[in-house]
Each structure stands twice: as structure tokens, then as C-alpha cells.
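[1] Need the 3D shape of this:
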Amino acid sequence: MTLIVEDGSGLANAECYASVDEASAYFEARGKADAWGEVDDQEAALRLATDYLTQIYHGQWAGQRATTTQALDWPRAGVPFHDSPNGLYPQDKIPVEIKRASYELAIRTVDGDLLTDTTRATLSETVDVISVTYASGQSQQTQFTMVHAIVRPLLFGGGGMISVERG
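    Okay, here's the model as predicted:
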């Protein structure tokens, strides 16, 4: 199945933010090309990476969707960007941070699912006279620190520019 990559126009049928060629070049430059796998697996990995970004960050992105009919959270309008003349990220582009986060998540699918079913962590267990102690308040979901650091500037209040007006 052909991968449908968002091109910044707000495609209604887009499946991911980056192409296999873009991801392959990224991994080649970082010495990870061998871990990247075959094209069919790469396409699936990029789809899964996009699913993860949507499930984890939906509702946290700065700005708003550029169109009402687009399939994915990006492109967006009203996203602060310090390198732009008007202070906003172009609403017809996919930020490099989104692409890089996609690459990093895609290669992590080689090691397993990005989002897994979770259970409470068992701290101790006694077999005779059965006793179990569970961890409380501990997330069992893997946290992808590098990915979060990459996308943080694009999150609402996450490091982008904030306009301040004095009256």
C-alpha cells in the first residue's frame, strides 16, 4: 500500500508526516540505517509513529488545525515560531520537529509497540499466605524523552514564543 505523506496542504487522507526516503536519509546520517529495516516495515513504522504523536499529543499542540478536513493534527495555523518574520510557523509546512519525532518513533517500533497495554507494577509478592504489593501512581507506559524534547517547542506553552502586551 502506498504511503500517503502530509505535504502541508492538509490532506484528508494523509497517513504520516514523513516519507521513507526522508527517514532513511535521517538514519543514514546517524549511523542507524541497518536498524531501519525493509520498505514495507518502514511504511508501517511511519504510520505507527504518526498514530503515537496523535494519541499522545492531540490537544496539546499550539495553534489550531490549518483546515477542517485534514486527517492529521499538522499542518497548523497560529503556531509561534521565532525565526519567522511574522512570528508564526508557516501553516502550509510540516515542522522539522514533527518529522524528526516521527523518525525517532518509527525506528523505536523495531523494538516493539509504542503504546502498550499496561498493568500495575508489582513491588513485592509472597506465595505462601499470598501477599502482593502494587506500586501506586507509577506509569507503566514507556516515556520517549527524546521525542518529547523534540516536539516540546510546538506544544501549547511548551517553549514557543509568547506575546506580551502592556497596557
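
[2] Assign the residue nearest the centre of the chain to helix, strand or coil.
    Nearest residue to the geometric centre of the chain (CA atoms, centre = their mean): Leu53, 3.2 Å. Under DSSP: H, G, I helix; E, B strand; the rest coil, Leu53 falls in the helix class.

[3] mind listing what the residue lying closest to it once chain neighbours are set aside touches?
    Using CB to CB, 6 or more residues apart in numbering and skipping residues adjacent in sequence, the residue nearest Leu53 is Ala101, 6.2 Å away. Where you see a C-beta, it was placed from the backbone N, CA and C, and this is true even at glycine. By CB atoms under 8 Å, 6 or more residues apart in numbering, the contact list for Ala101 reads 49, 53, 147, 150-151.

[4] ok, so of those, who is nearest Pro80?
    Closest approach to Pro80 among those (CB to CB): Val151, at 13.8 Å.

[5] Just the element for the closest one, please.
    Counting by DSSP states H and E, the element that carries Val151 is helix 145-151.

[6] Would you mind pulling up the elements that that helix packs against?
    If contacts are counted by 3 or more CB pairs under 8 Å, 6 or more residues apart in numbering; DSSP states H and E, helix 145-151 sits against helix 96-108.

[7] Swap in 10 Å and give it another go.
    Counting contacts by 3 or more CB pairs under 10 Å, 6 or more residues apart in numbering; DSSP states H and E, helix 145-151 is packed against helix 39-57, helix 96-108.

[8] Now stretch 57-72: buried residues?
    Within stretch 57-72, the residues scored as buried using 16 or more other CB atoms under 10 Å are 57, 61-63, 65-66, 70-72.

[9] again with stretch 67-86
    70-76, 79-81.

[10] Out of the helices and strands in this structure, which is least certain?
    Ranking every helix and strand in the chain by mean pLDDT, DSSP states H and E puts strand 122-126 at the bottom, with a mean of 64.

[11] quick one on the thing from earlier: where is pLDDT lowest across the buried residues of stretch 67-86?
    Within these, pLDDT reaches its minimum at Phe81, with 87.

[12] Now do the contacts for it.
    Counting by CB atoms under 10 Å, 6 or more residues apart in numbering, Phe81 makes contact with 62-63, 87-90, 93, 95, 153-154, 160-161.

[13] neighbours of Val129, just the number please.
    Using other CB atoms under 10 Å, Val129 is surrounded by 5 other residues.

[14] and if you look at Pro95?
    Neighbourhood size, Pro95 [other CB under 10 Å]: 21.
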